[in-house]
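Asks: Prediction below, plus the sequence it came from.
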Amino acid sequence: MTPDILFSGENLQHEYRIIDPKGQIRWIEAKMNPTIDAHGKLIRIDGIAANITRRKLAETGLIEKEVQYRNLADSGMALVWASGTDKLCNYFNKPWLEFTGRTLEQELGNGWTEGVHPDELESCFNTYIAAFDNREKFDMEYRLRNVSGEYRWISDLGTPNYNSNNEFIGYIGHCFDITDYKRSEQELINAKEKAEENDRLKSAFLANMSHEVRTPLNSIIGFSELLADTDFDEDQKKEFIQLIITNGNNLLTIISDIMDISKLESGKIKIYKKQINAHQFISSIKNEFLFEVEEKNLELKLSIEDNNSEIVITADDGRLRQIFHNLLSNAIKFTKNGTIEIGYQIKDNVVEFYVRDTGIGIPEEFHDKIFERFRQVDNTATRKYGGNGLGLAISKNLVELMDGKIWFDSMPFKGSIFYISIPCNDVM
Ligand code: ADP
């Protein structure tokens, strides 16, 4: 029976496989041209059959190769993209799409730039376009938003792409997530900077220290020698003895601070807590410092609300005293005129002590550094105020060993207020 299609009068084309006499599969392309007469009768078919096996094999080979290349691009870690001669992206591999969580359609053209961090977008474009126009390789870093909305650092290596006739057909790029690498690189840089800073601080500390130790020591030796000199009367010698005692005490403070900081850093300081009446404690501190404050023509004020006078804290009396000594010595040292005020308030379950002064204050840029050891606003050789930069570091360590906190507010030329909070018990 003649197939109906032959009566349509259209040219027919068909591809099919045959087995040749040697038993091999061959591809045949058949073209037929049926002729129909006026009564619709098929009167003739012109036909031609060609062996297209070679072409077919080449075609299926190409398809197979393309599948293999796609698998290759999809199976690695790299996020791969390609662009055409119009600079627009026309391909993104599976890892790229999985990374961004977007569809190919969203990424094509310039769509991918929607995921680039705004801070790097412009430089990203500039690098790409400059390299593209010069047909050069490029290597750029930018943050790209991933499927969870997190920006990750990407290293993007772009290479010009050429076809088999050596004609430029666009670019191919390979991208790698380098966030972890960048993070550890930054940590190394920070650690290096910190080590350099520590080194610098230690050198400044040693230079200051030799000055701080030598000054009282020279005075002690000098005035001791004068004591043996018969040219001086008894009153002058009493004055020398007083100076020897003062300088001896200064020297003792410096040596004690160095011992304390090394013990604190090796965890060897023991805290002996006991119950202390906050009111009695701060009153005794006031009495201890009254003379020193008045000697500098400053006023020392004690402020406590009456109903707080029976409050009890649990702390190491000696160490708490040491902290107040540091804070008050600083307040006196850095205040030329005005008032120094000490006191406390009850806040929830803590007693919040404070030491306020009307001194030179601490510049904003030092606020997060001042509790670090050896830190001083001025640590130059020509500095005006003595000290070793250890007092606040020691105080912070000690307060924390007593489960408390230390912090401050300060404004240059207005003054500072240092707070210490210590857990409190019931009323005694
Ligand atoms: P030192 O007083 O021996 O230098 P500290 O650790 O006690 O060391 O203080 C560190 C630095 O903090 C001081 O050198 C000073 O620059 C600053 N500072 C501390 N207390 C005050 C204050 N009350 N007023 C102004 N500056 C202060």
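Replies: Structure received.
Asks: for the helix or strand hosting Ser416, what is the average pLDDT?
Replies: According to DSSP states H and E, Ser416 maps onto strand 415-427. Confidence over strand 415-427 (mean pLDDT, whole number) is 86.
Asks: Describe which strands that strand pairs with in its sheet and in which direction.
Replies: Within its sheet, and counting by DSSP bridges, strand 415-427 is paired with strand 311-315 (antiparallel), strand 350-357 (antiparallel), strand 405-411 (antiparallel).
Asks: Adding mean pLDDT, write those out as a markdown table.
Replies: Shown next, in a markdown table, are the strands paired with strand 415-427 (pLDDT from 0 to 100):
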| stretch | mean pLDDT |
| --- | --- |
| strand 311-315 | 91 |
| strand 350-357 | 95 |
| strand 405-411 | 96 |
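Asks: quick one: which of these is nearest Asp378?
Replies: Minimum separation from Asp378 across the strands paired with strand 415-427 (CB to CB) falls at strand 405-411, 14.8 Å. Using the backbone N, CA and C atoms, a C-beta is placed for each residue, glycine as well.
Asks: Please work out which residues outside that closest one touch it.
Replies: Applying CB atoms under 8 Å, 6 or more residues apart in numbering, the external contacts of strand 405-411 come out as 323, 361-362, 367, 370-371, 392, 395-396, 399-400, 416-421.
Asks: One more pass at 10 Å, please.
Replies: Contact with strand 405-411 is made by 323, 327, 334, 350, 352-357, 359-364, 366-367, 370-371, 392, 395-400, 415-422, as judged by CB atoms under 10 Å, 6 or more residues apart in numbering.
Asks: strand partners of the helix or strand where Lys31 lies, parallel vs antiparallel please.
Replies: For Lys31, the enclosing helix or strand under DSSP H and E is strand 25-36. Strand 25-36 has its sheet partners listed here by DSSP bridges as strand 12-19 (antiparallel), strand 42-51 (antiparallel).
Asks: Mind listing what's buried along that strand?
Replies: 27, 29, 32, 34 (16 or more other CB atoms under 10 Å).
Asks: Let's have these in JSON lines, adding pLDDT.
Replies: Compiled in JSON lines, those are given as follows (pLDDT from 0 to 100):
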{"residue": "Trp27", "pLDDT": "91"}
{"residue": "Glu29", "pLDDT": "92"}
{"residue": "Met32", "pLDDT": "86"}
{"residue": "Pro34", "pLDDT": "84"}
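Asks: any idea which of these is closest to Ile311?
Replies: Closest to Ile311, out of all of those and judged by CB to CB, is Trp27, at 100.7 Å.
Asks: Just read off the phi/psi values of Tyr385.
Replies: Per-residue torsions, Tyr385: phi -110, psi 140 (degrees, to the nearest 10).
Asks: Does it touch Lys333 like I think?
Replies: Yes. Counting by CB atoms under 10 Å, Tyr385 does reach Lys333; the two are 5.5 Å apart.
Asks: Of the two, give the one with the bigger neighbour count.
Replies: Just comparing Tyr385 and Lys333: by other CB atoms under 10 Å the higher neighbour count belongs to Lys333, 16 against 11.
Asks: picking that back up, output the strand holding Lys31 as CSV, nothing but the C-alphas.
Replies: Output in CSV follows, covering the C-alpha atoms of strand 25-36 (Å, rounded to 0.1, in the frame of the first residue of the first chain):
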residue,chain,number,x,y,z
ILE,A,25,25.4,0.2,10.8
ARG,A,26,25.3,2.9,8.2
TRP,A,27,23.2,6.1,8.3
ILE,A,28,21.3,6.9,5.1
GLU,A,29,19.6,10.1,4.1
ALA,A,30,16.8,9.6,1.6
LYS,A,31,15.1,12.5,-0.3
MET,A,32,12.0,11.8,-2.4
ASN,A,33,10.1,14.0,-4.7
PRO,A,34,6.6,12.4,-5.6
THR,A,35,4.8,13.6,-8.8
ILE,A,36,1.0,13.6,-8.6
